[in-house]
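In: Below is the sequence, then the predicted model.
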Amino acid sequence: MSGAPEPAVRLPNVDGPQLPIAVMDEGVGTGEHRILYWRQDAGDGWDWWIYLPGAGIGRLKNHTVTEHEDGTITVTPSIALSPGRGADGRWGRHGFLTRGIWREC
């Protein structure tokens, strides 16, 4: 793995199909660089979601998510989000979220 570890920010749970206000306020695609995660029930059960700057929003439905006493989460296996090649020539993001800390691969 490479890159400096980045703390992720946990958002309040969302009951419904709308994006969390914080994600909208951060302006997906507006240059915000915080990693955000939350639990959401979009009508088909509660799932964990993540917002990765430069990659977008992803549902962690096919991952194992462990919630810790302090509210952080650990996700396995690694998370890969790729909306397409960005302006910097990179394809999305790939890394690990462990106890709320993101580590890029």
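Out: Structure's in. What do you need? Residues are numbered from 1 along each chain as shown.
In: Output the lowest mean pLDDT helix or strand found in the protein.
Out: Between all helices and strands in the chain, the lowest mean by mean pLDDT, DSSP states H and E belongs to helix 21-26, at a mean of 62.
In: Residue 80 - nearest residue in space that isn't next to it in sequence?
Out: The spatially closest residue to residue 80, leaving aside those adjacent along the chain, is residue 94, at 4.3 Å (CB to CB, 6 or more residues apart in numbering). C-beta here means a position set from N, CA and C on the backbone, and glycine is covered the same way.
In: The one you found reaches residue 78, doesn't it?
Out: Yes - between residue 94 and residue 78 there is a contact under CB atoms under 8 Å: 6.2 Å.
In: For those two, list the residues in contact with both.
Out: Common neighbours of residue 94 and residue 78 (criterion: CB atoms under 8 Å, 6 or more residues apart in numbering): residue 105.
In: quick one: the strands in the protein?
Out: In the chain, the segments counted as strands under DSSP state E are 6-10, 14-15, 35-41, 46-52, 56-59, 64-67, 73-76, 79-85, 91-98, 101-104.
In: Against residue 35, how distant is the residue nearest to residue 80?
Out: When distance is defined by CB to CB, to the nearest Å, residue 94 is 13 Å away from residue 35.
In: more neighbours, these two?
Out: Looking at residue 94 and residue 35 with other CB atoms under 10 Å, you find the greater number of neighbours at residue 35, namely 21 against 16.
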